[in-house]
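Participant: with the sequence up front, the predicted model follows.
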Amino acid sequence: MVFCGLLALIPLTIGIWIANKVSKEDGPVFFTQERIGQNGKIFKMYKFRSMVVGADEKLKHYLEENEEARKEYKEYKKLKNDPRITKIGKFIRKTSLDEFPQFINVLKGDMSLVGPRPYLPREKEEINGFFKYITSCKPGITGLWQTRGRSNTTFTDRLTMDMEYYYNHTLKTDVKLIYKTVENVVKKEGAI
């Protein structure tokens with residue numbers, strides 16, 4: 001499966017690069033971000049860039065000026081109508097194509113196919129006492145969070161699901177989660 005994902009990266013990268021050029025979206029095709037890996041080790045996670053260049057700075061200003069967005073971001077760590085997402089970014093997020101470069105992370109050993117979604121270093125404090133349990137598992141491209149609502153779940157719900165995964169994961173449940181993920185991607189469910 002990892003090999004298939006890596007093979008798909010070549011035409012996807014070319015296609016997204018062309019689409020960005022056509023829509024006059026400048027900037028790199030790939031986006032890297034520091035994430036918390038197994039045992040708390042920080043690693044660089046790869047994605048196709050779906051946001052404008054300088055997205056973090058834009059988010060900071062947007063949240064300072066918009067109280068409703070601030071509340072939404074605090075609860076979900078995402079915004080349903082995020083002004084930073086590009087035209088091509090909306091499509092690749094809806095189809096989950098933005099996640100494909102993480103097969104590189106799997107190949108490097110930073111991630112696995114299934115596991116808790118890797119958290120941002122700035123979220124460590126909010127993970128609290130769950131940290132050592134969640135990070136004892138290798139983070140995954142998919143997991144319970146991605147198959148149970150993804151963008152519609154709160155940060156607290158995500159922590160609960162990651163703890164559920166920690167206590168109950170088996171090869172059988174991992175295979176079921178991969179199947180459910182493929183099904184959700186085909187139906188375009190849960191992504192924003």
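Facilitator: Okay, I see it. Numbering: from 1, shown residues only.
Participant: going forward, measure contacts between C-alpha atoms and count neighbours the same way
Facilitator: Will do.
Participant: show me how far the helix ranked longest in the chain is from its chain's centre.
Facilitator: Among the elements of type helix in the chain, defined by DSSP state H, the one spanning the most residues is helix 2-22. Remark: helix 2-22 is offset 17 Å from the chain centroid, using CA atoms, centre = their mean, to the nearest Å.
Participant: what's downstream of it, the next helix or strand?
Facilitator: Sequence order places strand 30-36 as the next helix or strand after helix 2-22, per DSSP states H and E.
Participant: and that following strand, what does it pack against?
Facilitator: If you count contacts as 3 or more CA pairs under 8 Å, 6 or more residues apart in numbering; DSSP states H and E, strand 30-36 packs onto strand 42-48.
Participant: can I get stretch 159-176 as CSV, trimmed to CA atoms?
Facilitator: Taking Å, rounded to 0.1, in the frame of the first residue of the first chain, the C-alpha atoms of stretch 159-176 are listed here in CSV:
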residue,chain,number,x,y,z
LEU,A,159,-8.1,13.0,22.3
THR,A,160,-10.8,10.6,23.5
MET,A,161,-10.6,8.7,20.2
ASP,A,162,-6.8,8.6,20.3
MET,A,163,-7.0,7.1,23.8
GLU,A,164,-9.5,4.6,22.6
TYR,A,165,-7.1,3.6,19.8
TYR,A,166,-4.2,3.3,22.3
TYR,A,167,-6.2,0.8,24.4
ASN,A,168,-7.8,-1.2,21.7
HIS,A,169,-5.6,-1.2,18.5
THR,A,170,-5.0,-4.5,16.8
LEU,A,171,-4.0,-5.5,13.3
LYS,A,172,-7.7,-6.3,12.7
THR,A,173,-8.9,-2.9,13.8
ASP,A,174,-6.1,-1.2,11.7
VAL,A,175,-7.3,-3.1,8.6
LYS,A,176,-10.9,-2.0,9.3
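Participant: show me what counts as buried in stretch 83-101.
Facilitator: Neighbour-count burial for stretch 83-101 flags 84-86, 88-101 (criterion: 16 or more other CA atoms under 10 Å).
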